[in-house]
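J.: Any chance you can model this:
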Amino acid sequence: MYKVFSYYTKEKVLEENVVESLACGHLSRVSETYFWKNKSEIDIVAVKNKEQIGFEIKWGFKTWKKPKHLKKMFVLDKEKIPLFFSSIVW
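T.: All right, here's what the predicted structure looks like:
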């Protein structure tokens, strides 16, 4: 759908944004999902058994700081994303 909208609106859609959206859609099927932003940003915060789990999607070399309130955190890059989502067990 991103490519279709991009074609008709003539707006470029970054691959990183598409992957973040797909990851959020996948996680939202098995848990509540949120976005976190204050001094730090987390692409996806999933809540499972009252525990917040952070997911940061990395597409390149950007600096990033883990929020203090998250005890469990996954940083996913191009290589880790397919393996992670194919093997996730909730």
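J.: okay, now residue 26: neighbour count?
T.: Burial of residue 26 is recorded as 15 neighbouring residues (other C-beta atoms under 10 Å). (Each C-beta comes from the backbone N, C-alpha and C, glycine too.)
J.: any idea what it is structurally, helix, strand or coil?
T.: helix (DSSP: H, G, I helix; E, B strand; the rest coil).
J.: what sits against it?
T.: residue 85 (C-beta atoms under 8 Å, 6 or more residues apart in numbering).
J.: which other helices and strands contact the worst-scoring helix or strand of the chain on mean pLDDT?
T.: One helix or strand of the chain scores below all others by mean pLDDT, DSSP states H and E: helix 80-87, with a mean of 82. In this structure, helix 80-87 makes packing contacts with helix 15-28, judged by 3 or more C-beta pairs under 8 Å, 6 or more residues apart in numbering; DSSP states H and E.
J.: Need the CA coordinates for the helix it packs on. PDB is fine.
T.: Presented in PDB, the C-alpha positions along helix 15-28 are these (Å, rounded to 0.1, in the frame of the first residue of the first chain):
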ATOM      1  CA  GLU A  15      12.100   1.800   3.700                       C
ATOM      2  CA  GLU A  16      12.700   2.300   7.400                       C
ATOM      3  CA  ASN A  17       9.200   3.700   7.900                       C
ATOM      4  CA  VAL A  18       7.600   0.800   6.000                       C
ATOM      5  CA  VAL A  19       9.500  -1.700   8.200                       C
ATOM      6  CA  GLU A  20       8.600   0.100  11.400                       C
ATOM      7  CA  SER A  21       4.900   0.000  10.300                       C
ATOM      8  CA  LEU A  22       5.100  -3.700   9.500                       C
ATOM      9  CA  ALA A  23       6.800  -4.500  12.800                       C
ATOM     10  CA  CYS A  24       4.200  -2.500  14.700                       C
ATOM     11  CA  GLY A  25       1.400  -4.200  12.800                       C
ATOM     12  CA  HIS A  26       2.900  -7.600  13.500                       C
ATOM     13  CA  LEU A  27       3.300  -6.900  17.200                       C
ATOM     14  CA  SER A  28      -0.200  -5.400  17.600                       C
END
